[in-house]
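Colleague: Make a model of this:
(one chain, ligands or ions: 2)
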Amino acid sequence: FKVSRVETTPFDGQKPGTSGLRKKVKVFIQPNYLHNFVQSSFNALTSEKVRGATLVVSGDGRYFSRDAIQIITKMAAANGVRRIWIGQNGLLSTPAVSAVIRERVGADGSRATGAFILTASHNPGGPHEDFGIKYNMENGGPAPEGITNKIYENTTTIKEYFIAEDLPDVDITTIGVTNFTGPEGPFDVEVFDSASDYVKLMKSIFDFESIRKLLSSPKFTFCYDALHGVAGAYAKRIFVEELGAQESSLLNCTPKEDFGGGHPDPNLTYAKELVARMGLSKSEPQDEPPEFGAAADGDADRNMILGKRFFVTPSDSVAIIAANAVEAIPYFSSGLKGVARSMPTSAALDVVAKHLNLKFFEVPTGWKFFGNLMDAGLCSVCGEESFGTGSDHIREKDGIWAVLAWLSILAYKNKDKLGGDKLVTVEDIVVQHWATYGRHFYTRYDYENVDAGAAKELMAYLVKLQSSLSEVNQIIKGVRSDVSNVAHADEFEYKDPVDGSISSHQGIRYLFEDGSRLIFRLSGTGSEGATIRLYIEQYERDSSKTGKPSHEALAPLVEVALKLSKMQEFTGRSSPTVIT
Ligand code: VG1
Ligand code: CO
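Modeller: Ligands and ions are numbered 1, 2, ... in the order given. Okay, here's the model as predicted:
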């Protein structure tokens, strides 16, 4: 093939957010739009990460992925990349990409040093919806801010890109290697099975035999919803073939370009079918819901865990996994190195860390911050309130790993009970956890697609308000006299304990005397307008009160949050778009 140099001009707004660049498909398909971003990424990397390198290119299979894979392959060839690895049909979940970078060894001993992951995660897909791209590094984790800032800078000055226009399209449906020769020598494209490397890694972490006993027991019923995302490419292999679940326990496990027209976000609002099956929908009561249910997002790095008629908050989930990991999961049998959560995630994990005397870290939102801790051997288990849970087996959150972690805990607690006794349920495990550690009532209000100017004004107002705690507490007393005082308020800033880098403006915090917290931040993953996230949390140690419905317990704090922020005045919204 030949290498062409193509002149181009910058596009505005190619700034990677919390997790890569996410825009409407109609933005991405503009001539040169994707090309500019990819060339800017190559230019942001050191030369040995490009020339002669092996790179992975794949994603959640959303609309435009197939075209994007061909474009990136041709640009990689032209930029001197030696080898491209592609999951069959262009499918690799985000955690599987991380696993492939860390674990996969090619026939000639080659290893990947990076990846372009094609996904907009939980955002809908299709010609009128979202596409996205992000770059992951040689540790398998998202590029740190140093690199994403450089990519962005490059996009603002880009003048040219390189592409092998005459390279034939590669057949991504068939497993195998295709060899090409360019001006600098050989270039190979290898299409491989999307699941094998990931399945192998899962089998090295968990005790599949004990999970199989649980899943194949007639007493235990199970349901998994991939919401037509890429998790479907793994679910049958792992849950049915390896672990003996019924095939009928898989919902929406065929990956689709448009996620079947749905919103591939595993929460109580969007995973409707699973939520109904688990007996959590008032309008569709069920006689016998399954004992355990779970869902994933488009790229399968998120998870929602449900019991029979029971929702596990993600903040509780990571705390419960951390509390039980050493006993229930062979990978952790020699102990946890430490645990970490994102700032807005509830403090349920903090309490576990204290009890078990574990190192603990609070990082800004987004998975890239956990990676440094893990690379330095400081953190084993971590999570976010946004349905992200994971460990140092890879450098991304991992939806199927979280399900296997829960199944391991259930298998461990029920190992003597599969014969006849009543099973220990998901709900039992959570209620027991609250009895030991107390309960963190928690909810998140999302105001999606708010006018960007209005969102900025609201945030600026809240920052300004922080300078006078007495004014804050006066407002609160005027709204609810039963809510405690704010003891401290700030904008969260994080200093990475490993490399010393500083991330500022990571969300506005109001910390109350009784341990309650109100947090406000702007989303960094949307593709239109602004999304305001309001996180509300309250700790209850008294075990006679931990059973209250969450919305009841949090009602006073919610009222305070809305009044304090003048939410309706600024945004014109009387209620949030989504409550999780
Ligand atoms: C959201 C979540 C954050 C998560 C990020 C990527 O970011 O809040 O916790 O890490 O999505 O998840 P933001 O900036 O919109 O709040 V995924 O599954 O979309 O890659
Ligand atoms: Co995701």
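Colleague: on contacts alone, who are the packing partners of the host helix or strand of residue 403?
Modeller: Using DSSP states H and E, residue 403 falls within helix 399-413. For helix 399-413, the packing partners by 3 or more Cβ pairs under 8 Å, 6 or more residues apart in numbering; DSSP states H and E come out as helix 94-103, helix 196-205, helix 208-216, strand 292-296, strand 303-307, helix 314-328, strand 388-391, helix 426-437. (C-beta placed from N, C-alpha, C; glycine too.)
Colleague: gap between the shortest one and the chain center?
Modeller: Which is strand 388-391. Remark: strand 388-391 is offset 8 Å from the chain centroid, using Cα atoms, centre = their mean, to the nearest Å.
Colleague: who's in contact with it?
Modeller: For strand 388-391, contacts defined as Cβ atoms under 8 Å, 6 or more residues apart in numbering pick out 95, 301-303, 314, 317-318, 321, 331-332, 367, 370, 380-383, 396-398, 401-402, 405.
Colleague: Go through that strand and flag the buried ones.
Modeller: Buried positions in strand 388-391, judged by neighbour count with 16 or more other Cβ atoms under 10 Å: 388-391.
Colleague: residues from the stretch 251-400 of the chain in reach of ligand 2?
Modeller: 297, 299, 301-302 (Cβ under 5 Å from the ion).
Colleague: Surely residue 10 is in contact with residue 161?
Modeller: No: with contact defined as Cβ atoms under 8 Å, residue 10 does not count as touching residue 161 (11.6 Å).
Colleague: Residues that sit against both of those two, list them.
Modeller: residue 36.
Colleague: out of the buried residues of strand 388-391, who's near ligand 1?
Modeller: Near ligand 1, taking Cβ under 6 Å from any ligand atom as the test, the members of these found are residue 388.
Colleague: So for residue 7, what's the nearest residue that isn't a sequence neighbour?
Modeller: residue 160 (5.6 Å; Cβ to Cβ, 6 or more residues apart in numbering).
Colleague: Now do that neighbour: how many residues are near it, please.
Modeller: 10 (other Cβ atoms under 10 Å).
Colleague: I'd like the distance between the residue lying farthest from the centre of the chain and residue 55.
Modeller: Taking Cα atoms, centre = their mean, the residue of the chain most remote from its mean C-alpha position is residue 183, at 40.0 Å. Using Cβ to Cβ, to the nearest Å, we find residue 183 at a distance of 19 Å from residue 55.
Colleague: One more: residue 229?
Modeller: With distances taken as Cβ to Cβ, residue 229 is found 23 Å from residue 55.
Colleague: who's more crowded, the two?
Modeller: Between residue 229 and residue 55, counting by other Cβ under 10 Å, residue 229 is the more crowded of the two (37 against 26).
Colleague: check contacts around that one.
Modeller: So residue 229 contacts 60, 255, 259, 264, 296-300 (Cβ under 8 Å, 6+ apart).
Colleague: Now the residue of the stretch 51-200 of the chain found nearest ligand 2: phi and psi?
Modeller: In the stretch 51-200 of the chain, the residue that lies nearest ligand 2 is residue 121 (3.2 Å; Cβ to the ion). Residue 121 adopts backbone torsions of phi 60, psi -110, taken as degrees, to the nearest 10.
Colleague: In CSV, could you pull the C-alpha coordinates for the least confident helix or strand in the chain by mean pLDDT?
Modeller: None of the helices or strands of the chain scores lower by mean pLDDT, DSSP states H and E than helix 469-479, at a mean of 87. What follows is helix 469-479, C-alpha atoms only, in CSV (Å, rounded to 0.1, in the frame of the first residue of the first chain):
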residue,chain,number,x,y,z
LEU,A,469,-21.2,28.7,55.7
SER,A,470,-23.4,30.8,58.0
GLU,A,471,-25.5,31.9,55.0
VAL,A,472,-25.6,28.2,53.8
ASN,A,473,-26.8,27.0,57.2
GLN,A,474,-29.3,29.8,57.5
ILE,A,475,-30.9,28.8,54.1
ILE,A,476,-30.9,25.1,55.3
LYS,A,477,-32.6,26.0,58.6
GLY,A,478,-35.3,27.9,56.7
VAL,A,479,-36.0,24.9,54.6
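Colleague: That one: how far from the chain's middle?
Modeller: 36 Å.
Colleague: and the helix or strand following that helix, which strands flank it?
Modeller: Past helix 469-479, heading to the C-terminal end, the next element that is a helix or strand (DSSP H and E) is strand 486-491. Sheet partners assigned to strand 486-491 using DSSP bridges are listed as strand 508-512 (antiparallel).
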